[in-house]
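J.: sequence isn't available, so here's the structure alone:
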């Protein structure tokens, strides 16, 4: 199983930093030598993907983010690593699809955001293998995220991308799909009239063509660490032990 981590963004909301935002220290970890060391925010997502079954992690980076390659280039416990370059900022869809050539149609794919921390840590295991499914989290301000509207059977009706007064307070924090679905979405995105920036608008178009996605409300807490307020919230969340 692959885990795709789009890590090419500039992180303008939390600049200036002397390093990539994905390496921002949040909390700590205990190394094998028993020493406590700072923990990069993206390590939380890597751990969660491996807990969800990923054995290969693909980081999508910009040409200026060689520090991420140095940090993860030696691999991570439980998974091997690969790196793909997004030559210029082109949005989340463009970043995700940069990894598509690595992934076969019968392989499983996890996608998450490296500047977020969420619980429970094993929630990705709740997502099914045979369809596009979103791991959902309840938040107080869903208009700042992509809210997901479900029907009574858990099927996705619509993803409301940063819409004022959304109908749902559940947002997606990660998603899973077979490789064939990734390639179907990529083919749709390549159509001349599309080129979506956000995965939500692309999935809405995919649903409109008769496809089906599901949402799984297995998340309990979610923090976007890409702002100073989010950074403070993440420190508090980790201090409380969730």
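T.: That came through fine. No experiment lies behind these values; they were computed from the predicted model shown. Residues are numbered from 1 along each chain as shown.
J.: okay, and for the protein, where does confidence drop off?
T.: Scanning the chain for pLDDT under 70 picks out 10-18, 241-242.
J.: can you map out the helices along it?
T.: With DSSP state H, the ranges of helices along the chain come out as 41-51, 66-72, 91-97, 179-189, 199-208, 228-240.
J.: contact partners of the first one?
T.: Contacts of helix 41-51 with the rest of the structure, by CB atoms under 8 Å, 6 or more residues apart in numbering, involve 3, 5, 7, 21-26, 29, 57, 68, 72, 76-79, 110, 112-118, 121-125, 174, 225, 234. The C-beta positions use only the backbone N, C-alpha and C, and glycine is treated the same way.
J.: swap the cut-off to 7 Å and go again
T.: 3, 5, 7, 22-24, 26, 57, 76, 78-79, 110, 112, 114-117, 121-122, 124-125, 225 (CB atoms under 7 Å, 6 or more residues apart in numbering).
J.: and the nearest residue to residue 146 once chain neighbours are set aside, how far is that from residue 102?
T.: Nearest non-adjacent residue to residue 146, counting by CB to CB, 6 or more residues apart in numbering: residue 200, 4.4 Å away. Computed as CB to CB, to the nearest Å, the residue 200 to residue 102 distance reads 24 Å.
J.: likewise for residue 196?
T.: 21 Å.
J.: name the residue in those two with the higher neighbour count.
T.: Legend: neighbour count by other CB atoms under 10 Å for residue 196 and residue 102, higher for residue 196 (19 against 15).
J.: residue 202 is in contact with the more buried one, correct?
T.: Yes. Using CB atoms under 7 Å, residue 196 makes contact with residue 202 at a distance of 4.1 Å.
J.: what sits in contact with each of these two?
T.: 93, 189.
J.: quick one on the thing from earlier: JSON lines for the helices of the chain, including mean neighbour count?
T.: Formatted as JSON lines, the helices of the chain follow (neighbours: other CB atoms under 10 Å):
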{"stretch": "helix 41-51", "mean neighbour count": "23"}
{"stretch": "helix 66-72", "mean neighbour count": "17"}
{"stretch": "helix 91-97", "mean neighbour count": "21"}
{"stretch": "helix 179-189", "mean neighbour count": "18"}
{"stretch": "helix 199-208", "mean neighbour count": "20"}
{"stretch": "helix 228-240", "mean neighbour count": "15"}
